[in-house]
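Enquirer: Take a look and give me a structure for this.
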Amino acid sequence: MSLSILHHIDLKPFGGLQTHFLRFLEYSGRMYGYRNAAWLEQPSVHPSSVERLRSGVTVAAHPKYLGRTKIPGWPRFLRRARYRWLFRGAGAEAGIIWNGLGRLEIARKLNHQNLRCLYWEHGASWDSHHRPEKVEDFWARVDGVFCNSTAAKRMLQLRWGCPLDIAVCLNGVAPTRRRLSATVRQMPRGRPFRFGTAGHLRTSKGAHVAIAAIAELARRGVDAELRIAGIGPKENELRAYAQRLGVVERIHFHGFVSDMDSFYDELDCYVHPSMREAFGLVCAEAMLSGCPAIVTEIDGLPEVVIHGRTGLCVAPRCEVGELKSLYTELEPRVNCAYDPSTDAIVEPRFIAPIDLADAMGEMATRPALLEKFSRQAIEDANGRLSFERHMQRVHSALST
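Expert: Below you'll find the model as predicted:
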C-alpha cells in the first residue's frame, strides 16, 4: 500500500532526527512508493539536508514564508492561501508530527484537513517544558503514536499519560549508504587505541566523563586517545578540562563532521556515556562500521547496544551534584531519565569515570573481546537495526 504523507519537522539543525527523516524519505519511496511532503518548522534548512530533501519530497515549505520573505499576518487570506497551497501540493492522506510533543496548532491544522494525525516520538518526552494540560489536549487530536524505542514509549506513558496505542519502531541505519565495507576491529599496533564519541557538546552527552576516563586509563598505563565529533556550548569547557587533567595530547576535537562514516572507520571503539538518550542513532551508525560500543545503561541505549554482545552497558551511579568534580553543570532541562531495569522514571545520573575506564580498559586490552563484539555489532547493524527492517515495522504500523 502506497501512502501520501505530510511531515511536520524542523530541518534547521542537523542531528539524529534529521538523519532519520531523510533516510525515511529515501527508503519509504524506494520500498513502498510513498509520496512525501515537508511542512517545515522553520523556514531555513541545514545545508546537509538540502539535496536529499529536494529529491525526496514533492513539496517543502514553511506556510508563513514565501522563500525567505515572511508573509504578513494581515490580510489573513495571504497565509490561508499559502496553507491551502501546501496541503494541495502534498495531497496527503496522513500527517506526521516529528518529535513535536504537544504541538496543538499543528494537530488542529491536520484535523481540519481531515488528515490522519500521527505523532513520532524521538526524545521530546524527556523535556520538562511541556504543559500537561496541553499534552492531554494533544492526545485527543492524535490518531496514532510511533516511538523510536521502548524507553520512549514508556516515557510517554509514565510521564505524559499517553492513552493511545503506541508502535515501537526501533530506528535503523542504512548499510547501502556506506562507501566502504565494515571492518572487523583488531587490536591496533604501533598507535594508541582510538575511542570516539559524537554529539552536541553539552554536559548531558557525557564527553566530560569520557575525558576523565581517558585520564584514568593513562594513569593505568593504557595507551588510548579520544576523538570527539560535534560542536556545542561546552567545547571550551571540555578543552580546559582536558588541559586540567593533563591529557590534551590524547583528546582530539573534530568539530562538525559531515562524513561520519569516515569518522567511525578510524575508531577502534565508540563510547557514548550520555545521561539520557531516547535511542542513540550514533551508536548504531558506529556499529555499522564495525565499532563495538560502550554506553550508559539508561533510556533507549541498551536497546541499541546489547550488553555482552555488541558492547558494554555501564550503570550510572553518580548523582547530578557530583558533576562539580568534572568542573561542569547539567543543563536545566535535563531533569529525568528512564531506567529500563526498574521500568521507572528516575533522577538523571552519570557514569562514574572510573567505571567507564574499567569498560574502556576491557575493550582496549582484550583482543578476542574486541573482535567478537565487532563482528556481532556488524551483524546487528545489518539485521535488527537495518533501515529496511525499520521501514518494514513503520509500514506495517501505518497500514493498520
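
Enquirer: Phi and psi next, for residue 160.
Expert: With angles defined as degrees, to the nearest 10, residue 160 sits at phi -120, psi 10.

Enquirer: Equivalent analysis for residue 50, please.
Expert: Dihedral angles for residue 50 - degrees, to the nearest 10 - are phi -60, psi -50.

Enquirer: All the helices of the stretch 251-400 of the chain, residue numbers only.
Expert: In the stretch 251-400 of the chain, the helices defined using DSSP state H, counting those that start in this stretch lie at 260-265, 281-289, 301-304, 353-365, 367-382, 387-398.

Enquirer: Please compute how far the first one lies from its chain's middle.
Expert: Going back to what we said before, that points to helix 260-265. Offset of helix 260-265 from its chain centre (C-alpha atoms, centre = their mean, to the nearest Å): 17 Å.

Enquirer: And the contacts of that helix?
Expert: Helix 260-265 is contacted from outside by 177-180, 183, 196, 198, 227, 229, 254, 257, 270, 282, 285-286, 288-289, 291, using C-beta atoms under 8 Å, 6 or more residues apart in numbering. C-beta coordinates here come from the backbone N, C-alpha and C atoms, glycine included.

Enquirer: Residue ranges in the protein under the pLDDT threshold?
Expert: Along the chain, the parts satisfying pLDDT under 70 run over 1, 176-179.

Enquirer: For residue 323, see how far away residue 296 is.
Expert: Look at residue 296 and residue 323: by C-beta to C-beta, to the nearest Å, they are 14 Å apart.

Enquirer: More neighbours: those two, which one.
Expert: residue 296 (27 against 19; other C-beta atoms under 10 Å).

Enquirer: is the more buried one in a bridge, and if so with what?
Expert: Following DSSP bridges, residue 296 is listed with bridge partners residue 314.

Enquirer: Which residues does stretch 355-366 contact?
Expert: If you take C-beta under 8 Å, 6+ apart as the criterion, stretch 355-366 is touched by 193, 195, 209-210, 212-214, 216-217, 220, 222, 224, 268-269, 271, 273, 292, 294, 312, 314-315, 317, 369-370, 373.

Enquirer: ok, now with 7 Å
Expert: 193, 195, 209-210, 213, 216-217, 220, 222, 224, 269, 271, 273, 292, 294, 312, 314, 369-370 (C-beta atoms under 7 Å, 6 or more residues apart in numbering).

Enquirer: Out of those, which end up buried?
Expert: The neighbour count (16 or more other C-beta atoms under 10 Å) marks 193, 195, 209-210, 213, 216-217, 222, 224, 269, 271, 273, 292, 294, 312, 314, 369-370 as buried among these.

Enquirer: which residue sits closest to residue 66, ignoring its sequence neighbours?
Expert: In space, and not counting its chain neighbours, residue 66 is closest to residue 82: 7.0 Å by C-beta to C-beta, 6 or more residues apart in numbering.
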